[in-house]
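J.: sequence unknown, structure follows:
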């Protein structure tokens, strides 16, 4: 059975040739069928301008990236190819691959400042004269790992605000699941699970994860190119 796309919107498609070189990369104007992870026939449709043209039944790979960070590579064959549209038939075999660590939610290591506005413990709300500064060390669509001077305990419900994008902040509730300590017993931070995220909030986090991953890949590609061209720093 094919790996499942975890109920996540596909935000990017890469089409690769038989040597796994990217020949087309799109972030809009494509349709991924809902049955792509089933054993039924499915067709991916891409529309645009000046698309590359291929002979019918040309074998390709399609990499689907979802907002939750999954990247899954499918085998396909071109069924329609024009400069304005490309249809790719997904081939049913056992070669479908997960390209990155795959879990319910993709975790991303970061360092972002934010604020804890208040928290709830045993149905009592603890508010602050000024929000407590927090540092987010990792984030995914499921939760965050945060550092804050305020001492929290498991099951505390915290309200956090983090400026992942400049247009508006993420304001969300997260429940403390664990307290992480160093060997001496000092608190390193808190693993928290988001509660009650809206679809818009999930999309906000997914867009942030995709943005950071893209920046990482671009830096890595630039470093590799510099190394090949002998322009790296030594």
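T.: Right, received. Where do you want to start? All values derive from a computational prediction rather than experimental measurement. Residues are numbered from 1 along each chain as shown.
J.: what are the phi and psi values at residue 226?
T.: phi -60, psi -40 (degrees, to the nearest 10).
J.: from residue 219, how far out is it?
T.: Going from residue 226 to residue 219 by C-beta to C-beta, to the nearest Å gives 10 Å. C-beta coordinates here come from the backbone N, C-alpha and C atoms, glycine included.
J.: same question for residue 166.
T.: 21 Å.
J.: check residue 24 too.
T.: Distance from residue 24 to residue 219, by C-beta to C-beta: 23 Å.
J.: which of the two has more neighbours?
T.: Set side by side, residue 24 and residue 219 show more neighbours around residue 24, with 18 against 10, by other C-beta atoms under 10 Å.
J.: I figured the more buried one hits residue 54, correct?
T.: No: using C-beta atoms under 8 Å, residue 24 is not in contact with residue 54, being 10.1 Å away.
J.: any common contacting residues for these two?
T.: residue 86 (C-beta atoms under 8 Å, 6 or more residues apart in numbering).
J.: tell me the gap between the one helix or strand residue 64 maps to and the middle of its chain.
T.: For residue 64, the host element (DSSP states H and E) is strand 59-66. Its chain's C-alpha centre and that of strand 59-66 lie 16 Å apart, by C-alpha atoms, centre = their mean, to the nearest Å.
J.: where in the chain is pLDDT low?
T.: Per-residue confidence for the chain (pLDDT under 70) gives these ranges: 1-8, 37-40, 68-69, 92-107, 231-234.
J.: on that earlier part again, would you mark the buried spots in the helix or strand following the strand holding residue 64?
T.: Next helix or strand after strand 59-66 toward the C-terminus (DSSP H and E): strand 71-81. Within strand 71-81, the residues that count as buried by 16 or more other C-beta atoms under 10 Å are 71, 72, 73, 74, 75, 76, 78, 81.
J.: same deal with stretch 114-126?
T.: 114, 115, 116, 119.
J.: closest one of those to residue 11?
T.: Residue 11 has its nearest neighbour among the buried residues of stretch 114-126 in residue 114, at 23.8 Å by C-beta to C-beta.
J.: the closest one should be in a strand, yeah?
T.: Yes: residue state for residue 114 (DSSP: H, G, I helix; E, B strand; the rest coil) corresponds to a strand.
J.: tell me the contacts of it?
T.: If you count contacts by C-beta under 8 Å, 6+ apart, then residue 114 has 133, 134, 135, 136, 146, 160, 161, 162, 163, 169 around it.
J.: to the chain's geometric centre, what's the distance from the longest strand seen in the chain?
T.: Looking across the chain with DSSP state E, the single longest strand is strand 124-139. What separates the centre of strand 124-139 from the centre of its chain is 25 Å, taken as C-alpha atoms, centre = their mean.
J.: which residues are in contact with that strand?
T.: So strand 124-139 is in contact with 107-120, 144-150, 160-162, 164, 189, 205, 208-209, going by C-beta under 8 Å, 6+ apart.
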